[in-house]
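**Student:** Need coordinates for the following:
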Amino acid sequence: MGEGKHNAKEKTLRVCIVSFPMPSALVVNVFLYNLVEILESICEKIYVVTSNIPRDRTFSEKIRIQDVKTTMHFRDTIRPMWWSSLLQFLKIITIQMKMCWILIKISKDIDIVIFYVGGANLLPPVLMAKALRKKVITSAIGLGSLGYKKVHNNRLFSKGRAFTIILSVMEKTIFSLSDRVIVESPSVINFLDLGKYKQKLVTTGARYVDTELFQIKKELRERKNLVGYIGRLEEGKGVMNFFEAIPLILEKQDNLEFFLGGYGPLYDRIKERLRSNNLSRKVELMGWIPHDKVANYLNELKLLVLPSYSEGLPTIVLEAMACGTPVLATPVGGIPDVIKDGETGFIMENNSPKCFAENIVRVLECPDLDNVTKNARKLIKEKYTYEAAVERYKKSLNIWN
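**Tutor:** Alright, predicted model coming up:
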């Protein structure tokens, strides 16, 4: 973590982080641990309300884990689908009621409640925190309503329309109730349409990159022509658009290979499509990658793509930049704050298969690719280290001191 973690001046802040136990717990917990490690140097005591904490994970004495002991599941892993959806709904209610009860029990021991992963949808716990007269911070990593809206192409009578409206109402209510809303970078404000909350917005919520783990291990010129995606395999990430672009890309440049690393509800569909389209010889579907191994895979890629419909400031983008891996992404969330086309990475206008094919060829033929990766690595080392993150969060939390 570097010396900054041990030397950072402690504050007498007592914080509770509430993080929804998503089905992709391994991915989500990486974000959660990142935040916990940042706050550990700032706060006197930290309660963490969530579930799915790995048994081998250890914490310092100032960290108090409050396990809600209920976790979500992927909807398509249980049949029939109606039962899976009903079970998910019951779990969501149960988890939030347990969170409320925990907040009541620890209320005398905390000053601030930070609603983190899934925080913009946790209305009952937010209401409880306000009833207990605690300061409330909500982290707008991304908005579920925006992701659903874009995936369903804004269609008035689409399958997810009602769910999108419900999510949007909850998000707006929670932001209105919050004392502070933290986003990961300035561009997120306009992308998520949060301008109406400008008096309570803080733009310093970006996490950090462990630059000792995420570093250049293999120079770009030594890597084979491998284009990859690493992340959740779900509709909101636009991963199917990337998959559908592969045949178009191969028509233009047949010496490329492709890599898909991650897990999610689209995993089985992609696996079946690989078999039926005879793409297995060109595409490797890896599945879940432990976080401490991600740097190894990034160092094999000639290009990382991120075709998301909605994002905050994705950690995988920062990690790729730290590893000297060029990034091609859609201009969503905070991505334009770190990726300047042709300078620190590459931006594509949209995530359509045709746009994908054109931009991947453009990037791989860029004569200045080495300088782009050097600029990206420099940016990470200057602004996204652990020490820089601690300083950002000190300023964010000092408003109550």
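**Student:** Need the residue closest to the centroid of this protein.
**Tutor:** Nearest residue to the geometric centre of the chain (Cα atoms, centre = their mean): residue 314, 4.9 Å.
**Student:** Just confirm that one contacts residue 305, I think it does.
**Tutor:** No - using Cβ atoms under 8 Å, residue 314 is not in contact with residue 305, being 11.7 Å away. In short, each C-beta sits where N, CA and C put it, glycine included.
**Student:** Could you pull out the residues contacting both of those two?
**Tutor:** residue 329 (Cβ atoms under 8 Å, 6 or more residues apart in numbering).
**Student:** Apart from its chain neighbours, what residue comes closest to the residue nearest to the centre of the chain?
**Tutor:** residue 306 (6.1 Å; Cβ to Cβ, 6 or more residues apart in numbering).
**Student:** check contacts around that neighbour.
**Tutor:** 229, 231, 237, 314, 316-317, 327-330, 335.
**Student:** and of these, the nearest to residue 174?
**Tutor:** Comparing the contacts of residue 306 against residue 174 with Cβ to Cβ picks out residue 314 as the nearest, at 22.1 Å.
**Student:** in the stretch 151-300 of the chain, which spans are helices?
**Tutor:** Taking DSSP state H, counting those that start in this stretch as the criterion, the stretch 151-300 of the chain contains helices spanning 161-177, 187-191, 239-252, 267-276, 291-298.
**Student:** For the longest one, buried residues please.
**Tutor:** So that's helix 161-177. 164, 167-168, 170-172, 174-175 (16 or more other Cβ atoms under 10 Å).
**Student:** ok so, going back, any idea what the residue nearest to residue 314 is bridged to?
**Tutor:** Bridge pairing for residue 306 (DSSP bridges) gives the partners residue 329.
**Student:** Let me see the domain layout of the protein.
**Tutor:** Split into domains by automatic domain parsing, the chain comes to 4-208+385-400, 220-383.
**Student:** Including mean pLDDT and distance to residue 214, could those go into JSON lines?
**Tutor:** Formatted as JSON lines, these follow (pLDDT from 0 to 100; distance: least, Cβ to Cβ, whole Å):
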{"stretch": "domain 4-208+385-400", "mean pLDDT": "85", "distance to residue 214": "10"}
{"stretch": "domain 220-383", "mean pLDDT": "94", "distance to residue 214": "4"}
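**Student:** Let me see the residues that make contact with stretch 55-67.
**Tutor:** For stretch 55-67, using Cβ under 8 Å, 6+ apart, the contacting residues are 33, 36, 40, 43-51, 53, 102, 106.
**Student:** Which one (most neighbours) among these?
**Tutor:** Counting neighbours by other Cβ atoms under 10 Å, residue 49 comes out on top of the contacts of stretch 55-67 with 27 neighbours.
**Student:** partners of it in the sheet?
**Tutor:** residue 18, residue 66.
**Student:** Who are the contact partners of it?
**Tutor:** 16-19, 66, 68, 99, 102-103.
**Student:** quick check, nearest of those residues to residue 277?
**Tutor:** residue 19 (38.1 Å).
**Student:** how deep is that closest one tucked in, by neighbour count?
**Tutor:** By other Cβ under 10 Å, neighbour count at residue 19 equals 26.
**Student:** which residues of the protein fall in strands?
**Tutor:** Secondary structure of the chain (DSSP state E): strands at 14-18, 45-50, 63-67, 112-115, 135-139, 180-182, 201-202, 226-230, 257-261, 283-287, 303-306, 327-329, 346-347.
**Student:** For the fourth one, name the packing helices and strands.
**Tutor:** So the one you mean is strand 112-115. strand 14-18, helix 123-131, strand 135-139 (3 or more Cβ pairs under 8 Å, 6 or more residues apart in numbering; DSSP states H and E).
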